[in-house]
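*Asks:* one predicted model, sequence on top.
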Amino acid sequence: MTAEQTSNKKRIIAIAKLLFRLTILVLVGIGIWETVVKALAELEEQKFALSQIQPWWLLVAGLVYLVGMAPCWRFWHRTLHAMGQRPRWLESLRAFYIGHLGKYVPGKALVVILRTGLIRSNRVDTSVAATSVFVETLTMMAVGAFVSAAILGAMYRDKTGLLLLAIVLMLCAGGPTLPPIFRRLVRLVGVKKVNPDIDSALAGLDFRLMSFGWVTVALGWCLLGLSLWLTLRAIPTTTLRPVSLEHFPLVTACVALAMVAGFLSLLPGGIGVREFVVMELLKEPFGEAAAVVSAILLRLVWLLAELLLAGVLYAAKPGPDADEPQK
C-alpha cells in the first residue's frame, strides 16, 4: 500500500468516526428534547404552574440524585478492575455519567456505546468494558427491585400487584448477575470471538464483588428515594398532606420500582412506565395530581442534573498516558 493510499485510508476512518460521533450526538439530543417536550406538556395537562415550586428543594433533589448514582459508578469502577482493566477514576466517572444520557434513546444501547467509547484506552479493552456495563446495570436493577420488594413486603402488603412485580423484576435482572450464570451467558453470545481472553476477565467476577455491589448500590437507591422525597417537598401546594419522614420508605420503594420497570420496558428514559408506578404508589398518601407532577418534575430535575454534570465532566477530559500516542 502506497503512502497516499495509507493517508486516504486514515482520512476515511477519521471521517467515519466523526460521522458516528455526530450521529450519536444527534440521537441523544433528539431523545432528550422529546423527553423535555413530553414532560412539559404533561405538566400543562395537570394545570401546574411553575410558581408553585419551591426551587431550593429541587436544587437539593438534583444534587442528591447525582450523589445517589455515585455508588453505582464506584461498583462499575471496581468491576472493571476486577476484570483486569485499569481505568483511572476520572475516566470511569466521565464515562459513567455522560453515558447515562444514552438512556433517552430507545433501546438503551447507546448507554453501552457511550460508556465504552469514552473509557476505552490501552488500559481498557472495549469488549471487557461493554461486558462490565451489563454487570453494573443489571446489578443496579436487581438491587432496586429487591429494595422495593423488601419495603413493600414489610410495610405495604396491600400493594400485592406491585410487590409481585418487584419480585419478578428482581429475579429477571438479578439472575443473570450471578457469576456462574453471567459467565455462561457471555460465552453464549459469542464475546469470545471478539476477545479470546474474555475468560480471564470473567474470572474476576465473583460473589465477593457482587456482595460489594449489592451493599453499595442499595445505599444509592436510598439516596434516589431521598431525591424523590425532596421533589415532593418542593410542591407542597399539590400534596393532600404534608410530606414527612414517615413517607421516606414508601417513596424509596416507589422510585426504585419505577426506575427498574422503566428500564426493563426499553422505552426512552422509561417514559410513561415510571409515571404509572409513581402514581400507583403515591396517589393514596399525596393525591393523584401530586403523584403525577412529582414524577414529571423528578424526570426534569434528574435530566438537568445529568446534563450539567456531563458538560463539566466532558470538559474535564483527562490527558493521555505517557505511553499512549496522542490522537
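*Replies:* Received, thanks.

*Asks:* please make it C-alpha for all contacts and neighbour counts, starting now.
*Replies:* Noted.

*Asks:* any weak-confidence spans in the stretch 101-250 of the chain?
*Replies:* Across the stretch 101-250 of the chain, the ranges flagged by pLDDT under 70 are 106-108, 240.

*Asks:* strands of that one, start to end?
*Replies:* Taking DSSP state E, counting those that start in this stretch, the stretch 101-250 of the chain contains no strands at all.

*Asks:* all helices for it, in order.
*Replies:* 109-119, 126-155, 160-174, 179-188, 191-194, 198-202, 207-233, 248-265 (DSSP state H, counting those that start in this stretch).

*Asks:* so how far is residue 182 from the residue most central in space within the chain?
*Replies:* Ranked by distance to the mean C-alpha position of the chain (Cα atoms, centre = their mean), the top residue is residue 100 at 5.4 Å. Between residue 100 and residue 182 the computed distance is 23 Å (Cα to Cα, to the nearest Å).

*Asks:* same question, residue 87
*Replies:* From residue 87 to residue 182 the distance is 22 Å (Cα to Cα).

*Asks:* who has more neighbours out of the two?
*Replies:* More neighbours surround residue 87 than the other of residue 87 and residue 182, with 21 against 18 (other Cα atoms under 10 Å).

*Asks:* quick one, grab the pLDDT at that one.
*Replies:* Reading off the confidence values, residue 87 has pLDDT 94.

*Asks:* for the remainder of this discussion, apply numbering that starts at 746.
*Replies:* Fine by me, first position is 746 from now on; the one you just mentioned is residue 832.

*Asks:* that one reaches residue 863, doesn't it?
*Replies:* No: contact between residue 832 and residue 863 fails when scored by Cα atoms under 8 Å: they sit 10.7 Å apart.

*Asks:* tell me the contacts of residue 829?
*Replies:* 946, 949 (Cα atoms under 8 Å, 6 or more residues apart in numbering).

*Asks:* just confirm it is within a helix.
*Replies:* No: counting by DSSP: H, G, I helix; E, B strand; the rest coil, residue 829 is not part of a helix but coil.

*Asks:* need the phi and psi values for it.
*Replies:* Per-residue torsions, residue 829: phi 90, psi 10 (degrees, to the nearest 10).

*Asks:* so for it, what's the pLDDT?
*Replies:* For residue 829, pLDDT reads 93.

*Asks:* any idea how far it lies from residue 978?
*Replies:* Counting by Cα to Cα, the gap from residue 829 to residue 978 is 44 Å.

*Asks:* need the helices of the stretch 846-995 of the chain in a markdown table with distance to residue 821, can you?
*Replies:* As requested, the helices of the stretch 846-995 of the chain are exported to a markdown table (distance: least, Cα to Cα, whole Å):
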| stretch | distance to residue 821 |
| --- | --- |
| helix 854-864 | 11 |
| helix 871-900 | 5 |
| helix 905-919 | 16 |
| helix 924-933 | 15 |
| helix 936-939 | 19 |
| helix 943-947 | 14 |
| helix 952-978 | 8 |
| helix 993-1010 | 18 |
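
*Asks:* between those helices, which one is nearest to residue 1039?
*Replies:* Set against residue 1039 and scored by Cα to Cα, these come closest in helix 952-978, at 5.9 Å.

*Asks:* what's the closest one packed up against?
*Replies:* helix 800-827, helix 871-900, helix 993-1010, helix 1033-1060 (3 or more Cα pairs under 8 Å, 6 or more residues apart in numbering; DSSP states H and E).

*Asks:* mind redoing it with 10 Å?
*Replies:* Judged by 3 or more Cα pairs under 10 Å, 6 or more residues apart in numbering; DSSP states H and E, helix 952-978 is in contact with helix 800-827, helix 871-900, helix 924-933, helix 993-1010, helix 1033-1060.
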